[in-house]
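S.K.: Here's my sequence, what's the structure:
(one chain, ligands or ions: 3)
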Amino acid sequence: MATRPPAEGKPWELAAHPRLAKGTLVGVVVLDGWGEAPPDPFNCIHAADTPTLDALKKAAPARWRLIKAHGTAVGLPTDDDMGNSEVGHNALGAGQIYAQGAKLVDLALASGKIYEGEGFKYIRQSFDDGTLHLIGLLSDGGVHSRFDQLQLLLKGASEHGAKRIRVHVLTDGRDVLDGSSVRFVEMLEEDLARLREKGVDARVASGGGRMYVTMDRYENDWQVVKRGWDAHVLGEAPHKFKNALEAVKKLREDPKANDQYLPPFVIVDESGKPVGPIQDGDAVVTFNFRADRMVMLAKALEYENFDKFDRIRFPKIRYAGMLQYDGELKLPSHYLVAPPEIERTSGEYLARNGVRTYACSETVKFGHVTFFWNGNRSGYFNPSLEKYEEIPSDIGIPFNVQPKMKALEIAQKARDAILSRKFDQVRVNIANGDMVGHTGDIEATIVGCKAADEAVKIILDAIEQVGGIFVLTADHGNAEDMAKRDKSGKPLRDKDGKVQTLTSHTLNPVPIAIGGPGLAPGVRFRTDLPNAGLANVAATVMNLHGFEAPEHYEPTLIEVVDK
Ligand SMILES: O=C(O)[C@H](O)COP(=O)(O)O
Ligand SMILES: [Mn+2]
Ligand SMILES: [Mn+2]
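M.R.: Ligands and ions are numbered 1, 2, ... in the order given. Down below sits the predicted model:
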């Protein structure tokens, strides 16, 4: 992992590729949550009508293959870690494998360095007179946060002087099984009870389901964050309970309840007073390491001037993120662990070499093809060469109700960008496989996959018209497997005999296909890189733009043979 020499001081100019010409349009399509798995009733991609993608597969092995999209191939701690959008798009855009947030936090906790850093020293100043609040996702999905890291942080913070701790829990059910919130809260309560035995006043103070409370992304719906603010900061929510276990158990009694969407709740004392609103002088840590779904709350917690909703009260706190979530905005300004310094991304190289880029997705994935693609950096490298376009996602409608999402609109925007001939690269993310896959609704996911295929067709037709090249791939698996399985691959059943729905991503590889009239006839996938992963895509795309990739990039997937 990242063993290549750093590129500091090296020139930005890319050498011309000896065999591939510059100036051909390259369309880059990322199908979100689109892995490869054997045919099976729980494989929605297989079940869906996807003629465009099926046709591409026929070009294997020369122009269609599989690449790794999980675990160490994308900088995660182990090969048991499923892929996710952040690490997937980071790898796709950066062309290098970086130790990612999950891994960096593990290392900082294991070595104890987390307690020596500036961020912890900063929040510690509040420990004598104030409360330490920990806000984040209660999950062992390893996508946004990990439960064992929360456990270590609770223990470590109390050993380093925190006397009063309040935890604000967001239930998952998206990266882990629905219903697992109960077990996580039980385990957390056990840990907090142990801390209380040691004289630390530690309790859960508030919570809610991640998709309804706090963890919105890309400013899709600030009301989600406001619900979190009201519960975590103001101590106000429609549901009040004496403890967190009672809260999740009671809220889950509603037949439609789902961990992802539990309503906000606060924990109150005997007299009905919230046990842990955030007050002047307190310390706050958002313990998610992943940026996209924490950065909105980070803005609300940190920015003096803020107009996204009425905060009612803006406490004077010492706030630190687990990581710094946005390297460009330097937000939050304090953090416990330094984020991976993802530098020299393909986006920056191509912009510095004159490549004109258009990137587009709908809101829920917009930052994936821009912010994550560019190494967790918001904004343009060169506004005169780049255009990023966002199509507003549906708000307040679950994606299994609108499984086509904005696939068609994204494809039409991409088509227009391609036909305008104003761009050298047109890059999109098509969200259906992932966003509908996360709902666990098989029928809807099949509809979503078909819509994604139709979108791809529109884009490929436009590429055909301008004589361009396409690169089609995905960031990790999701829709290709909707069943939780045992080690032998057999679907697991619950006590009523029903197959357990897998709402999360998977460990499966993803396809990559290249083609289009502009692709030189002798271009084909190399056969000497059987373990290649998402990080090999950037060099490949650079080649197709007519450039050699920088030396420190993971190797290109393609070679050019004489025809
Ligand atoms: O944030 C989410 O929606 C899920 O936890 C992960 O999905 P993504 O990595 O595809 O965004
Ligand atoms: Mn994704
Ligand atoms: Mn996802």
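S.K.: Could you look up the SS state of residue 66?
M.R.: What DSSP: H, G, I helix; E, B strand; the rest coil gives for residue 66 is strand.
S.K.: Name the nearest residue to residue 309, sequence neighbours excluded.
M.R.: Among residues not flanking residue 309 along the chain, residue 226 sits closest, at 4.2 Å (CB to CB, 6 or more residues apart in numbering). The way it works is simple: take the backbone N, C-alpha and C, and place the C-beta from them, glycine included.
S.K.: My error: substitute residue 113 in the last question.
M.R.: In space, and not counting its chain neighbours, residue 113 is closest to residue 107: 7.6 Å by CB to CB, 6+ apart.
S.K.: How is the residue nearest to residue 309 assigned, secondary-structure-wise?
M.R.: Secondary structure for residue 226, judged by three-state DSSP, is helix.
S.K.: 21 is where my numbering starts, stick with that
M.R.: Shifting the count to begin at 21 puts that one at residue 246.
S.K.: Tally up the residues packed near it, please.
M.R.: For residue 246, the count of nearby residues is 21 (other CB atoms under 10 Å).
S.K.: Got the domain ranges for this protein?
M.R.: In terms of domains, the chain is parsed into 46-120+361-580, 122-357 (source: automatic domain parsing).
S.K.: Please see if the last one touches ligand 1.
M.R.: Yes: counting by CB under 6 Å from any ligand atom, ligand 1 is contacted by domain 122-357 at 163, 164, 194, 195, 313.
S.K.: neighbour-wise, which of the residues you listed leads?
M.R.: Greatest neighbour count in the residues of domain 122-357 next to ligand 1, by other CB under 10 Å, goes to residue 163: 29 neighbours.
S.K.: separation between it and residue 474?
M.R.: The spacing between residue 163 and residue 474, counted by CB to CB, to the nearest Å, is 29 Å.
S.K.: ok, now residue 63?
M.R.: Look at residue 63 and residue 474: by CB to CB, they are 19 Å apart.
S.K.: Those two: who's more crowded?
M.R.: residue 63 (23 against 18).
S.K.: what pLDDT does that one get?
M.R.: Each residue has a pLDDT score; the one for residue 63 is 98.
S.K.: which residues touch it?
M.R.: 57, 500, 501, 502 (CB atoms under 8 Å, 6 or more residues apart in numbering).
S.K.: Of those residues, which is the nearest to residue 228?
M.R.: Nearest to residue 228 out of those is residue 502 (CB to CB; 25.4 Å).
S.K.: Settle this for me: residue 487 is touching residue 538, isn't it.
M.R.: Yes: in this structure residue 487 lies within contact range of residue 538 using CB atoms under 8 Å: 4.9 Å.
S.K.: which residues do those two both contact?
M.R.: Taking CB under 8 Å, 6+ apart as the contact rule, residue 487 and residue 538 both touch 44, 45.
S.K.: follow-up on the earlier one: hmm, who's touching the helix or strand in which the residue nearest to residue 133 is found?
M.R.: Applying DSSP states H and E as the criterion places residue 127 in helix 121-131. Outside helix 121-131, the residues within contact range by CB under 8 Å, 6+ apart are 95-97, 101, 106, 119, 133-134, 137, 162, 166, 169, 172-173, 176, 309-310, 342-343, 356-360.
S.K.: I'd like to know which of those are buried.
M.R.: Buried by 16 or more other CB atoms under 10 Å: 95-97, 101, 106, 119, 134, 137, 162, 166, 169, 172-173, 309-310, 342-343, 356-357, 359-360, out of the contacts of helix 121-131.
S.K.: Let's see which of these end up in strands.
M.R.: Cross-referencing the buried ones among the contacts of helix 121-131 against strands under DSSP state E gives 342, 343, 356, 357.
S.K.: Right, I'll call it a day here.
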